[in-house]
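Undergrad: Got a sequence here, can you model it:
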Amino acid sequence: MEDQKSAAPDLGILHDYEYQIDLEGDNALAYVIEFAGASKKILELGAGAGMQTQFLAKDKRNDVVAVEINPASVEKLKKYTDRVYSLDLNAPGWTQALSAEGRFDAIVSADVLEHLYDPWAAIAEMIKLLNDEGEIIVSLPYIGNGAILGLLYDDDFDYREDGLLDKTHIRFFALKNIEALHRKAGLTITDARFVLRRPEVTEFHARWNKLPRAVRRAFTMGPHADLYQVVTTARRSETVSTDFSLFDAAAKRCPPRKRTIMQRIAEVLLGSL
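TA: Predicted structure coming up:
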């Protein structure tokens, strides 16, 4: 009998996530809402059951058009906006169905691109619906968190129902990949926010705590070991005159942990293996 844990993830699952958003907390959706602002025309992609839509539409007084593929979520979204489109973002030319809506001040893609077969094509499609001064706001899980390094050390890619290794994630991003994703589409990142979670408080904490102490120490020495999610806002490159470095911004938000004498010894020992 096949080991259920090793079976291929079912990519056909349609999630209908419902959760509360802490607008004052260190979480991606709070940062997305911050970047989106108020009193704008916004396209929200992969809007789910409307947990974010309700803030964008009601609290922030935005004119929101929502896109969602899950039929159950589509019905729930209608409580917050009467313009809901059931579209597959994996389908070529999906923006054509939205042409009557005109151009948008902001397009929100919160924890969506990692679920798509071709996120590079999807973000290029988004630009077609963006007005000249508009912004594309993206949140993505960060694959370089120390907890993920710990799983790889243990020879296991531990898919879950949600989180960094949600079993419907089919694309994975580190900082260079996020920068390249935007650059290829002709976008320049203008600002970013970073959600931090130490490996020992992620969904993989039990696995992390079983690792040898020296290994845990080594994996937390990386500059972004505590980084969990990245939220960016970007504009067409031709409209941006200043440079923004995702790495410089992350360095300010994610200062390296101070190394103890024992940690320095661990680094030397691991480096000699």
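Undergrad: Provide the strand pairings for the lengthiest strand in the chain, with the direction of each partner.
TA: Looking across the chain with DSSP state E, the single longest strand is strand 130-141. Here strand 130-141 is paired, per DSSP bridges, with strand 104-110 (parallel), strand 227-236 (antiparallel).
Undergrad: Packing partners of the strand or helix carrying Phe247?
TA: Applying DSSP states H and E as the criterion places Phe247 in helix 246-253. Helix 246-253 sits against helix 175-184, strand 187-196, strand 227-236, with contacts defined as 3 or more Cβ pairs under 8 Å, 6 or more residues apart in numbering; DSSP states H and E. Bear in mind the C-beta positions are built from the backbone N, C-alpha and C, glycine included.
Undergrad: most packed of these?
TA: Among the helices and strands packed on helix 246-253, strand 227-236 has the highest mean neighbour count (mean count of other Cβ atoms under 10 Å), at a mean of 23.
Undergrad: any idea how far that one is from the chain center?
TA: 8 Å (Cα atoms, centre = their mean, to the nearest Å).
Undergrad: State the mean pLDDT of that strand.
TA: Averaged over strand 227-236, pLDDT sits at 97.
Undergrad: got the angle for it vs helix 246-253?
TA: Counting by axes from the mean of the first three to the mean of the last three Cα atoms, to 10 degrees, strand 227-236 points 130 degrees away from the direction of helix 246-253.
Undergrad: Would you mind listing the buried residues in the helix or strand that the longest strand of the chain is followed by?
TA: Once strand 130-141 ends, the next helix or strand along the chain (criterion: DSSP H and E) is helix 146-153. Neighbour-count burial for helix 146-153 flags Gly146, Ala147, Ile148, Leu149, Gly150, Leu151 (criterion: 16 or more other Cβ atoms under 10 Å).
Undergrad: wait, what's in contact with the nearest residue in space to the last one that is not next to it in sequence?
TA: If you skip the residues right next to it in sequence, Leu151 has Asp158 as its closest partner in space, 5.3 Å away by Cβ to Cβ, 6 or more residues apart in numbering. Counting by Cβ atoms under 8 Å, 6 or more residues apart in numbering, Asp158 touches Leu151, Leu165, Phe204, Arg207.
Undergrad: Phi and psi next, for Asp158.
TA: phi -90, psi 90 (degrees, to the nearest 10).
Undergrad: how much space is there between Leu211 and Gly150?
TA: Here the criterion is Cβ to Cβ, to the nearest Å. By it, Leu211 lies 5 Å from Gly150.
Undergrad: Please enumerate the shared neighbours of these two.
TA: Residues touching both Leu211 and Gly150 by Cβ under 8 Å, 6+ apart: Phe219.
Undergrad: Can you give me the neighbour number for Val201?
TA: Residues near Val201, counting by other Cβ atoms under 10 Å, number 13.
Undergrad: Between the two ends of stretch 235-245, how far is it?
TA: Terminal residues of stretch 235-245 lie 14 Å apart, using Cα to Cα, to the nearest Å.
Undergrad: starting at the chain centroid, how far to it?
TA: The answer for stretch 235-245 is 21 Å, by Cα atoms, centre = their mean.
Undergrad: Pass me the low-pLDDT residue ranges in the chain, would you?
TA: 1-21, 256-273 (pLDDT under 70).
Undergrad: can you give me the helices for the stretch 1-150 of the chain?
TA: Along the stretch 1-150 of the chain, counting by DSSP state H, counting those that start in this stretch, helices occupy 28-36, 53-54, 71-77, 119-127, 146-153.
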